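**Q** Structure for this input, please:
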Amino acid sequence: MRVINKEQLKLADLVLKPDVGGRKNTDFSNLRNLIDCGYKSAMENITIIQDSLTELYLNKISREETKVEGLVVKSDNSEVEAHFKFLESMKISEREIIYHLTQYSNLNYFSKFSAYLKKNGEVTDLHIHAAENETI
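**A** The predicted structure follows:
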């Protein structure tokens, strides 16, 4: 078994340290208790985990950090448009818009899903094209 050292921990994006009492890292007795400790630690830190994963994801998107104000969401699919209306109330970057688009839970319902921004005077239109999969 390989032991994780301090240098490796420094490279981790996120480290959870569940309270497992005084157990050694080689003690695998009562696994259910270890799993429960890990689960409890994850749930207690879920916001930190979500924020860390979001930040990691955003850092991989190469876009300008310029904030978009006066965003107007438009879509050829009324459900998609309604879902993304919340973006209109935000001062949001292109990276954040991409993030929210990719996190849309219903993406698998569409054969094509695309979006683009278009400056339109004082506002910026977010056009979302969402072609639904054919019903068989």
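**Q** residue ranges with poor pLDDT in the protein?
**A** 1-3, 62-64 (pLDDT under 70).
**Q** quick one, strands of it?
**A** For the chain, applying DSSP state E gives strands covering 67-68, 71-75, 92-93, 110-120, 123-132.
**Q** Determine which of those approaches Asn5 most closely.
**A** strand 92-93 (37.1 Å; Cβ to Cβ). C-betas here are computed from N, CA, C, even on glycine.
**Q** Run me through the strand neighbours of the closest one, direction for each.
**A** The strands that strand 92-93 pairs with in its sheet are strand 67-68 (antiparallel) (by DSSP bridges).
**Q** Any chance you could list what contacts the partner strand?
**A** Strand 67-68 is contacted from outside by 91-94, 97, 117, 124, using Cβ atoms under 8 Å, 6 or more residues apart in numbering.
**Q** Switch the strands of the chain over to a markdown table, and while doing so, append distance to Glu7 and mean neighbour count to every line.
**A** Below are the strands of the chain laid out as a markdown table (distance: least, Cβ to Cβ, whole Å; neighbours: other Cβ atoms under 10 Å):
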| stretch | distance to Glu7 | mean neighbour count |
| --- | --- | --- |
| strand 67-68 | 38 | 15 |
| strand 71-75 | 44 | 17 |
| strand 92-93 | 34 | 18 |
| strand 110-120 | 42 | 12 |
| strand 123-132 | 44 | 17 |
